[in-house]
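>>> My questions are about this predicted structure, shown below with the sequence.
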Amino acid sequence: MNDLAPLLTPEGRALLEEVRGVDPARELAVATRLRREHPAGLVSAALGQARLRQRAVAKFGAEDAQRMFFTPNGVEQSTRASVAAYRAGRLRELGVASVADLCCGIGGDAIALARAGIRVLAVDRDPLTAAAARANVEALGLAELVEVREADVTEVDTAGYDAVFVDPARRGGRGRIFAPEAYSPPLSWAIGAARGASRAAALKIAPGVPHEAVPSDAEAEWISDGGDVKEAVLWFGTEPGAVRATLLPGPRTLLSRGLPDPEVRPPGRYLYEPDGAVIRAHLVAEVAERVGGGLLDATIAYVTADELRPTPYATAYEITDRLPFNVKKLKALLREREVGTLTVKKRGSAVEPEELRRKVRPQGPHAATVFLTRVAGAPTMLIGAPAGPPAGGRPS
């Protein structure tokens, strides 16, 4: 599909309604029937768009996804609606009334900004992508607040806007791009554009960005949604040098206090698995302080403690058994406990969870979690289950 125009005609829109929710197993039969009444190319484009809309539901929700227009890359690379809405809310709280959204893609962030009441200039140099963004703001009734422009972002004058948001392309012909200077445009250019913003700026980057690559005049924020790390953002015009982890839904935000690394200690009754955003933001020490714990190993982000202190920034497990790594002993223990549902988590272990499950062949009515990790450098298995809150307990 290299042209959205046919789908935007009355015939194209009617066809999109007709193929909404088509079962992939019936797609060939549906296509054969529709080609008797419509051009073959239009039918193929409509069915392709229907597939993309189904994929987009996870990011945009069913109501918006079924009205929007997508490209394959647009579905893959666009910001999840919940994350975009959170970021738009932060910009609004900073007093931002207008944003230049550079590398806007199919318009996910522009939509969130407009819904926050912010005027947007959305720019992308790819004609099909810009056409999708334009179709999307029109489909969602936001065209009065969003101007979509097909242009090279490096040539756009952003002087008339309060803030700049840049989402550089981090995929190329060979897949993901990890080097920030290989982004399109390069991170250094994006940082320069951000520093030129009159009020604030936000740069969306890969969550694996090295901390040493964060400029000293930027705030760094790692965001997770439902426990999955989605992105990192460099903020300008907020708190230079600040580091935070934000968990959605919520939002709940944990700020760095510059704590030293926690001490290594023997396993206690409870193990805490910090949220991925907390780990990426290097805030495990802040979690350890909240729960009164230490590390199982100096190089692994598992916190152990003797008491249960629920916190939104980590999942707590009650540990019942500790074994040196030994598959036979684990198999025997699981058989004795009648464990049929086994969750395998690992940090600092080369063993693959599926491989371990095949070897121990869990059977029975009960469930357990096994952590494959190191305790003070020694390969260890910790067995337990998610811990419930103590009576009268409150999240810390």
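That came in fine, so what should we check first? Residues are numbered from 1 along each chain as shown.
>>> Could you point out which residue ranges in the protein have low pLDDT?
Scanning the chain for pLDDT under 70 picks out 1-2, 171-175, 177-178, 389-396.
>>> May I have the secondary structure class of the most centrally placed residue in it?
By C-alpha atoms, centre = their mean, the chain has its centre lying nearest to residue 230, at 1.7 Å. Counting by DSSP: H, G, I helix; E, B strand; the rest coil, the backbone at residue 230 sits in strand.
>>> That one reaches residue 80, doesn't it?
Yes: Residue 230 is in contact with residue 80 according to C-beta atoms under 8 Å; the separation is 6.0 Å. The C-beta positions use only the backbone N, C-alpha and C, and glycine is treated the same way.
>>> Could you check how far the residue nearest to the centre of the chain is from residue 345?
20 Å (C-beta to C-beta, to the nearest Å).
>>> ok, which stretches of the stretch 51-200 of the chain are helices?
Under the criterion DSSP state H, counting those that start in this stretch, the stretch 51-200 of the chain contains helices at 62-65, 72-77, 81-93, 108-115, 127-139, 187-195.
>>> Deepest-packed of those, please.
Most buried of the helices of the stretch 51-200 of the chain, by mean neighbour count (mean count of other C-beta atoms under 10 Å): helix 108-115, with a mean of 27.
>>> Which residues does that helix contact?
Applying C-beta atoms under 8 Å, 6 or more residues apart in numbering, the contact partners of helix 108-115 are 59-60, 64, 78-81, 84-85, 87-88, 91, 99, 101, 104, 120, 122, 133, 136-137, 140, 142, 145-146, 148, 165, 167.
>>> Excluding chain neighbours, give the residue nearest to residue 323 in space.
residue 381 (4.6 Å; C-beta to C-beta, 6 or more residues apart in numbering).
>>> Parallel or antiparallel, list what pairs with the strand or helix carrying that neighbour.
Per DSSP states H and E, residue 381 falls inside strand 378-386. The pairing partners recorded for strand 378-386 under DSSP bridges are strand 314-324 (antiparallel), strand 366-375 (antiparallel).
>>> deepest of those strands, which one?
Using mean count of other C-beta under 10 Å, strand 366-375 ranks as the most buried of the strands paired with strand 378-386, with a mean of 21.
>>> Quick check, residue 205 in contact with residue 181.
No: the pair residue 205 / residue 181 is not scored as a contact, 11.8 Å apart, by C-beta under 8 Å.
>>> Overlap in contacts, those two.
By C-beta under 8 Å, 6+ apart, the residues touching both residue 205 and residue 181 are residue 187.
>>> So which of these two has more stuff around it?
More neighbours surround residue 205 than the other of residue 205 and residue 181, with 21 against 11 (other C-beta atoms under 10 Å).
>>> need the contact list for the more buried one.
Residue 205 neighbours (C-beta under 8 Å, 6+ apart): 168, 170, 180, 183, 187, 231, 232, 233, 234.
>>> go again using 7 Å as the cut-off
180, 187, 232, 234 (C-beta atoms under 7 Å, 6 or more residues apart in numbering).
>>> Just among the residues you listed, which is most surrounded?
Most surrounded of those: other C-beta under 10 Å gives residue 234, at 24 neighbours.
>>> hang on, the earlier thing: format the helices of the stretch 51-200 of the chain as CSV; extra columns: distance to residue 356.
Supplementary listing: the helices of the stretch 51-200 of the chain in CSV, determined by distance: least, C-beta to C-beta, whole Å:
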stretch, distance to residue 356
helix 62-65, 37
helix 72-77, 31
helix 81-93, 33
helix 108-115, 38
helix 127-139, 43
helix 187-195, 39
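>>> Of all those helices, which one is nearest residue 253?
Checking the helices of the stretch 51-200 of the chain against residue 253 by C-beta to C-beta gives helix 81-93 as the closest, at 10.1 Å.
>>> And the closest one, what does it pack against?
helix 108-115, strand 200-205, strand 219-225, strand 228-236, strand 243-248 (3 or more C-beta pairs under 7 Å, 6 or more residues apart in numbering; DSSP states H and E).
>>> Which residues does that helix contact?
By C-beta under 7 Å, 6+ apart, helix 81-93 touches 59-61, 64, 99, 108-109, 112-113, 116-118, 163, 200, 202, 223, 225, 230-231, 233, 248-249, 251.
>>> List just the nearest of the contacts of residue 205 to residue 15.
When the contacts of residue 205 are compared against residue 15 (criterion: C-beta to C-beta), the nearest one is residue 232, at 40.2 Å.
>>> That closest one and residue 301, how far apart?
Counting by C-beta to C-beta, the gap from residue 232 to residue 301 is 17 Å.
>>> how much space between residue 382 and residue 89?
For residue 382 relative to residue 89 (C-beta to C-beta), the value is 39 Å.
>>> Actually, residue 346.
Counting by C-beta to C-beta, the gap from residue 346 to residue 89 is 36 Å.
>>> And for residue 279?
Taking C-beta to C-beta, one finds residue 279 at 24 Å from residue 89.
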